[in-house]
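Asker: need a 3D model of the following:
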Amino acid sequence: MQQWSSGHRREIAGIGGFSGLVNSITTWCHTLSCTKQTCKGGNWEELLKANAIPALVNILKPDKSLLPEEENSVQRMELKMQTSAVIKNISEQDAVRKAIAATNSLKTFIGLLSLPHDVVLSNAATILSHVCQVNDNAQKVAQEGGIVPLIQLLKNWLPSVLTSAMRSLAQLGANYENNKDEIAKKGGLDPLVSLLDNSDTTVQAEAANALNVVCRESANNQNFIISIGGIPPLVKLVQSTNIEVQVSAAGALRSLAQSNSVSQGRIAELGGINPLIRLLKSNPRNMNVQEKASEALWALSGDDPTKRRDIGTKIGIEMLIVLLESRSEKIQFVAAKALSTLSCGAPKHQTKIREAGGVLPLVRMLKGSYSERVLLAVISTLAALSIGLAHTPVKLNQSAIASGGAIKSLVPLVTSAKSNDLVKVQSAYALACITLAHSDNQKLLLKEKFTFTLLIDLLYSSVREVSLGAGRALTTFAYNHIPTQKNIVKGGEIRYEQFIQFLESDDQEEQGHAAFQVIILARVMTGEDHVLVMAQGIQILYQLLQSDNELIQELAANNIASLAHTRAGIPAALVSVGAMNTLIELLYSPAELVRSSAATAVGYMTFNRGAMRILLTACRRRPDMFQILQDNLAAGKISDVFIREWEYCLTVGLPSQSVQLMAVEHTLVEVGDSSQSTLVNHLKTTTGTIDTPTYDATTTEDMFDASSTHRYTSASSVILQ
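Answerer: Residues are numbered from 1 along each chain as shown. Sure, this is the predicted structure:
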């Protein structure tokens with residue numbers, strides 16, 4: 001037993017012995033814990049100055065001189081309850097949390113988690129949830145064995161104990177990444193999922209919050225929660241009448257769906273998307289609700305453009321425009337990204353966004369103080385609004401964007417030293433889209449004294465994304481516009497060597513972008529045979545067209561659609577490598593965006609006689625093909641000559657296989673065999689265009705005469721060998 005001086009003993013005797021001392025301390029703690037100021041943390045500064053924290057913590061420590069029954073006596077429990085209540089009330093303050101941590105008393109609070117007193121249990125769990133938010137205490141709590149007793153508390157029936165334990169587990173996971181796996185390994189996920197069905201709404205909300213934390217960016221925990229049936233109750237809770245429960249469930253669904261296609265599909269199957277959209281729309285003034293709902297919806301869309309477009313459509317363009325002007329960075333980002341996705345190659349959405357008043361808010365955001373990711377999303381949306389599939393300009397949108405002052409705002413983003421390189425190249429790409437085949441906008445850009453020197457410098461950046469982005473911007477500026485190509489040459493050297501790293505990359509997306517870029521930029525490259533460069537690019541695009549990845553198929557088809565209405569020799573070369581046949585097969589792809597891109601490419605390719613004949617043969621073999629082509633042709637054109645030929649075939653009712661057409665098809669698609677010389681000779685005599693579609697006759701370039709077409713198809717044949 002601790003030794004006391006005679007003076008101490010007389011003082012203790014004066015207040016009724018040790019029992020009286022305990023009662024006095026208990027009364028004092030009770031009084032302190034119940035005052036309004038302390039409950040709100042108002043007395044924390046005085047207690048801190050008086051160095052009361054160590055004294056209060058010492059009261060909670062077990063007295064080794066007492067027998068177990070004495071340690072767990074009613075008096076001792078009452079003392080610990082009142083003392084822990086004082087610490088709990090003031091531990092919301094960061095300075096107090098640090099003072100508690102300085103006492104090295106984590107074991108003391110963890111020890112309280114096993115006491116037979118529900119209020120003490122709740123207080124101790126709450127204190128731990130506060131303390132583990134500072135320093136490295138979350139790691140220390142786990143090292144001291146705090147996770148298991150907290151999980152054990154999940155078996156308690158009192159909501160106050162349950163919620164305190166779950167908040168503590170959530171903070172442990174949020175403040176130390178390894179704790180997420182430890183909570184799962186110690187069996188914490190099963191009871192958390194079970195508590196989603198608890199009748200108490202606070203318990204439901206805290207269970208969802210804890211699951212939100214432990215499965216965030218943890219594929220293992222995501223998959224385990226899915227396997228034990230965690231998604232159905234969360235989808236149900238999103239439809240709760242309690243707003244806090246809805247928000248918590250939305251957060252958990254967001255973390256479950258993040259980068260997890262299985263979870264995304266399961267949530268969609270269970271009808272989780274529509275409740276989230278209702279939650280988003282029904283709380284226009286509650287930023288927290290809108291944040292959780294919008295982030296959950298965006299996570300559910302994954303990286304699939306079709307899913308993103310579907311969810312964006314369900315949210316609605318008008319709603320997305322409203323969300324753009326939210327004060328929340330998270331909401332702004334989701335709204336801008338969704339509008340960008342909806343705009344890409346979708347004429348109806350591009351028109352609707354303009355008509356709904358979406359252009360001006362986007363342009364205004366170029367001038368404000370927004371996060372980099374929001375700014376990039378806004379720039380991407382403006383670019384997507386300005387250009388359609390196959391590099392066709394959306395003139396009304398381009399005019400509206402320029403009228404709003406976008407060109408004046410974008411040029412400084414390209415030239416300013418304050419902008420990072422990614423913002424510079426994305427801004428340059430947006431400028432290229434806004435000015436594409438739009439003479440008035442091109443004049444506005446010239447007034448801003450825009451040059452290509454900086455963009456060419458960025459082409460040689462060591463950051464791959466920046467280099468490819470610069471190439472994309474230069475390519476769009478140069479597309480079908482000779483004056484710009486001449487200005488690019490004045491801006492600096494573009495060397496083929498810079499593109500090799502992307503053309504030979506293991507990343508097919510990089511290959512696809514680089515292949516298109518070298519084809520368009522070939523004539524402005526320094527010291528290269530542009531025919532061989534373009535042949536290399538076309539061969540790569542043809543190979544990518546045969547990829548198993550639908551996104552790569554879409555990219556290759558889009559690029560071919562753009563190439564099909566540039567220069568006379570390119571469609572002929574595409575036919576010579578067999579691209580037309582592959583494009584026709586892609587019309588039957590299960591992916592909507594692949595079908596749309598393939599249909600656009602096929603439509604433009606029909607202005608080449610050889611391609612037209614291949615399509616005629618294919619349509620005769622499959623009577624439904626022409627209808628499929630029309631159904632998926634959201635943008636682009638089909639040659640009038642092909643239409644007349646097809647209508648004639650239907651009128652005369654010729655056999656399904658035409659000997660003449662079959663012969664032409666065979667000659668065109670058999671590439672790389674012993675008859676290759678025959679193929680080249682055939683192209684020399686039959687290559688031609690039929691009313692090639694152009695959108696600006698004064699600036700569109702036919703860079704190939706008959707001799708260069710022969711060289712091009714010959715070069716293509718050499719590479720195929």
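Asker: give me every residue that touches Cys344.
Answerer: Counting by CB atoms under 8 Å, 6 or more residues apart in numbering, Cys344 touches Pro305, Ala384. In this view, the C-beta of every residue, glycine as well, is placed from N, C-alpha and C.
Asker: what's the pLDDT at it?
Answerer: The model reports Cys344 with a pLDDT of 91.
Asker: any buried residues in stretch 45-55, and which?
Answerer: Leu47, Leu48, Ala52, Ile53 (16 or more other CB atoms under 10 Å).
Asker: for stretch 417-431, same thing?
Answerer: Ser419, Asp421, Leu422, Val423, Lys424, Val425, Gln426, Ser427, Ala428, Tyr429, Ala430, Leu431.
Asker: equivalent analysis for stretch 356-376, please.
Answerer: 358-366, 370, 374-376.
Asker: now go through the buried residues of stretch 417-431 and say which are in helices.
Answerer: Asp421, Leu422, Val423, Lys424, Val425, Gln426, Ser427, Ala428, Tyr429, Ala430, Leu431 (DSSP state H).
Asker: quick one on the thing from earlier: the buried residues of stretch 417-431 into a markdown table, with extra columns for pLDDT?
Answerer: Converted to a markdown table, the buried residues of stretch 417-431 look like this (pLDDT from 0 to 100):
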| residue | pLDDT |
| --- | --- |
| Ser419 | 88 |
| Asp421 | 96 |
| Leu422 | 97 |
| Val423 | 97 |
| Lys424 | 97 |
| Val425 | 97 |
| Gln426 | 98 |
| Ser427 | 97 |
| Ala428 | 97 |
| Tyr429 | 98 |
| Ala430 | 98 |
| Leu431 | 98 |
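Asker: between those residues, which sits nearest Ser409?
Answerer: Among the buried residues of stretch 417-431, Ser427 lies closest to Ser409 (CB to CB), at 8.8 Å.
Asker: quick one: contacts for the closest one?
Answerer: Counting by CB under 8 Å, 6+ apart, the residues that Ser427 touches are Ile379, Leu410, Val411, Leu413, Val414, Ser419.
Asker: can you give me the helices for the stretch 1-150 of the chain?
Answerer: Assignment of helices within the stretch 1-150 of the chain using DSSP state H, counting those that start in this stretch yields the ranges 6-14, 17-34, 36-39, 44-49, 52-60, 68-71, 74-90, 94-102, 106-112, 118-131, 137-143, 147-152.
Asker: so for Val245, which of those helices sits nearest?
Answerer: helix 118-131 (19.9 Å).
Asker: what packs against the closest one?
Answerer: helix 74-90, helix 94-102, helix 106-112, helix 137-143, helix 159-175 (3 or more CB pairs under 8 Å, 6 or more residues apart in numbering; DSSP states H and E).
Asker: what's the most buried one of the helices of the stretch 1-150 of the chain?
Answerer: Here the criterion is mean neighbour count by mean count of other CB atoms under 10 Å, and of the helices of the stretch 1-150 of the chain the winner is helix 118-131, at a mean of 25.
Asker: ok, back up a step: need the max-distance pair from the contacts of Ser427.
Answerer: Ile379 and Val411 (12.4 Å).
Asker: so those two - more neighbours on which side?
Answerer: Ile379 (26 against 19; other CB atoms under 10 Å).
Asker: check which helix or strand that one maps to.
Answerer: helix 372-386 (DSSP states H and E).
Asker: circling back to that earlier point, looking at the helices and strands packed on helix 118-131, which is nearest to His130?
Answerer: helix 94-102 (5.4 Å).
Asker: hmm, back to that, would you put the C-alpha positions of the helix holding Ile379 in PDB?
Answerer: C-alpha atoms of helix 372-386 as PDB (Å, rounded to 0.1, in the frame of the first residue of the first chain):
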ATOM      1  CA  GLU A 372      -6.400  21.800 -60.300                       C
ATOM      2  CA  ARG A 373      -8.600  18.700 -60.900                       C
ATOM      3  CA  VAL A 374     -11.700  20.800 -61.200                       C
ATOM      4  CA  LEU A 375     -10.000  23.200 -63.600                       C
ATOM      5  CA  LEU A 376      -8.800  20.300 -65.700                       C
ATOM      6  CA  ALA A 377     -12.300  18.800 -65.700                       C
ATOM      7  CA  VAL A 378     -13.800  22.200 -66.800                       C
ATOM      8  CA  ILE A 379     -11.200  22.600 -69.600                       C
ATOM      9  CA  SER A 380     -11.900  19.000 -70.800                       C
ATOM     10  CA  THR A 381     -15.600  19.700 -70.900                       C
ATOM     11  CA  LEU A 382     -15.100  22.900 -73.000                       C
ATOM     12  CA  ALA A 383     -12.900  20.900 -75.400                       C
ATOM     13  CA  ALA A 384     -15.500  18.000 -75.600                       C
ATOM     14  CA  LEU A 385     -18.300  20.500 -76.300                       C
ATOM     15  CA  SER A 386     -16.400  22.000 -79.200                       C
END
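Asker: so after that helix, what's the next helix or strand?
Answerer: helix 395-403.
Asker: what lies in contact with that following helix?
Answerer: Contacts for helix 395-403 (CB under 8 Å, 6+ apart): 350-351, 354, 359, 362-363, 382, 385-386, 433-436, 438, 440-441, 444.
Asker: again, only this time at 7 Å
Answerer: Gln350, Arg354, Val359, Val363, Leu382, Leu385, Ser386, Ile434, His438, Asn441, Leu444 (CB atoms under 7 Å, 6 or more residues apart in numbering).
Asker: same check, this time on stretch 284-293
Answerer: 243, 247, 250-251, 254, 276, 279-280, 283, 326-328, 330-331.
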